[in-house]
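1. requesting a structural model of the entry that follows:
(4 chains)
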Protein chains: 2
Amino acid sequence: MDFGDCPCTGKTLTKLVKPLVMAFLAKGRLHGYAIQRLLESQGGFAHGPPDLSGVYRSLKEMESQGYVESSWISSDGGPPKRCFSLTESGLACLARWKETLIDYRAQIDELIGFMDELTLEEMSGQGGEIGEER
Amino acid sequence: MDFGDCPCTGKTLTKLVKPLVMAFLAKGRLHGYAIQRLLESQGGFAHGPPDLSGVYRSLKEMESQGYVESSWISSDGGPPKRCFSLTESGLACLARWKETLIDYRAQIDELIGFMDELTLEEMSGQGGEIGEER
DNA sequence: TCCACTATAGGATTATCTCCTATAGTGGCT
DNA sequence: AGCCACTATAGGAGATAATCCTATAGTGGA
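-> Residues are numbered from 1 along each chain as shown, chains lettered A, B, ... in the order given. Alright, predicted model coming up:
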């Protein structure tokens, strides 16, 4: 069956651009385009890597919040680059992201577990009433 | 440190309302308010259960897409209820959601793994250049 | 001259979800 | 009767994360 653009395909799930970018920046200074290439090489995105302009927007927003800093590097060949690095508070934010994602993974795990139970039951064609305690 | 409404708190992560609701409906007919009570009792939501009006909106949208059907039940006591059930195509969509969520979990897993590596390295204060192959 | 690649960035739109508010029936309390 | 809590459905307005499309600009090759 073809679900086209139905959310069940995962097309509209958040790609977690900010935590991904912060994780890369924790390893060293990077400019937007380089981050994008890392995201592309990273794989694991069922519907392609995040949009480039979205990465720039995320960087800009994170800078305004003090999670990253930037400075322009005029390179030998090609246009100048804006190089980003993670600040102290960015590092703290990243640590918090990690806790959050561990919880989130557990939540998704629970949902998948619930779906596993279903496949057995509704195969045998139940379909009564639940949650009706009257 | 207090991150307030920062996305790193998980406040803005999707609560996956549609797959959750579909999973409940796979077990039996339910109306919106009953679904909400199930969501509330389910727990696992770091920032509280999904918003009630969002649940109704999701149901309406899924009905327009043919994933759920509804009929009004005028009950003995209290206002009438709109009772929803999952259609054949809703069941297929739910199955697809399961595959999608398994992939998504793997992706989050990978990110958490990457963050785990970091905690070791950037503690020792590296911070060079990565992704710069020139 | 035209095109590909590197590099940054804004306009407009979509998807998901939230807070706030409106409506309405039932039943209990005072 | 008046008020409130609970059950039940639902829309308006807005926040957030992401997308597609387009604009800009420098470098280097055909």
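
2. not counting sequence-adjacent ones, nearest residue to the spatially most central residue of chain A?
-> For chain A, the residue nearest the mean C-alpha position is residue A:16 (1.4 Å; C-alpha atoms, centre = their mean). Distance criterion C-beta to C-beta, 6 or more residues apart in numbering or on different chains; nearest residue to residue A:16, sequence neighbours excluded, is residue B:111 at 6.5 Å. C-beta here means a position set from N, CA and C on the backbone, and glycine is covered the same way.

3. and the helix ranked longest in chain A with DNA strand C, contact?
-> For chain A, the longest helix by residue count, based on DSSP state H, is helix A:88-121. No - using C-beta under 7 Å from any atom of the strand, helix A:88-121 stays clear of DNA strand C, with a minimum separation of 11.2 Å.

4. quick check: residues of chain A near DNA strand D?
-> Counting by C-beta under 7 Å from any atom of the strand, the residues of chain A near DNA strand D are A:14-18, A:47-48, A:50-54, A:57-58, A:61, A:77-79.

5. any of the residues you listed buried? List them.
-> Neighbour-count burial (16 or more other C-beta atoms under 10 Å in any protein chain shown) is assigned, among the residues of chain A next to DNA strand D, to A:15-18, A:50, A:58.

6. which residue ranges of chain A form helices?
-> A:17-25, A:32-42, A:52-64, A:88-121.

7. the second one and DNA strand C in contact?
-> Yes - for a cut-off given as C-beta under 7 Å from any atom of the strand, helix A:32-42 has contacts with DNA strand C, namely A:32-34.

8. please identify the buried residues of that helix?
-> Buried, per 16+ other C-beta under 10 Å, within helix A:32-42: A:32-36, A:38-39.

9. same list (those) but as JSON lines, adding distance to residue B:24.
-> Below are the buried residues of helix A:32-42 laid out as JSON lines (distance: C-beta to C-beta, whole Å):
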{"residue": "A:32", "distance to residue B:24": "42"}
{"residue": "A:33", "distance to residue B:24": "44"}
{"residue": "A:34", "distance to residue B:24": "44"}
{"residue": "A:35", "distance to residue B:24": "39"}
{"residue": "A:36", "distance to residue B:24": "39"}
{"residue": "A:38", "distance to residue B:24": "39"}
{"residue": "A:39", "distance to residue B:24": "35"}
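
10. next, format those as TSV and append pLDDT.
-> Shown next, in TSV, are the buried residues of helix A:32-42 (pLDDT from 0 to 100):
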residue	pLDDT
A:32	96
A:33	96
A:34	96
A:35	97
A:36	97
A:38	96
A:39	96
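
11. got the CA positions of stretch A:16-25 in CSV?
-> Below are the C-alpha coordinates for stretch A:16-25, written out as CSV (Å, rounded to 0.1, in the frame of the first residue of the first chain):
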residue,chain,number,x,y,z
LEU,A,16,16.3,16.7,15.8
VAL,A,17,18.5,19.2,14.0
LYS,A,18,19.6,21.2,17.0
PRO,A,19,20.8,18.4,19.2
LEU,A,20,22.6,16.9,16.1
VAL,A,21,24.3,20.1,15.3
MET,A,22,25.3,20.7,18.9
ALA,A,23,26.7,17.2,19.1
PHE,A,24,28.9,17.9,16.0
LEU,A,25,30.0,21.3,17.4
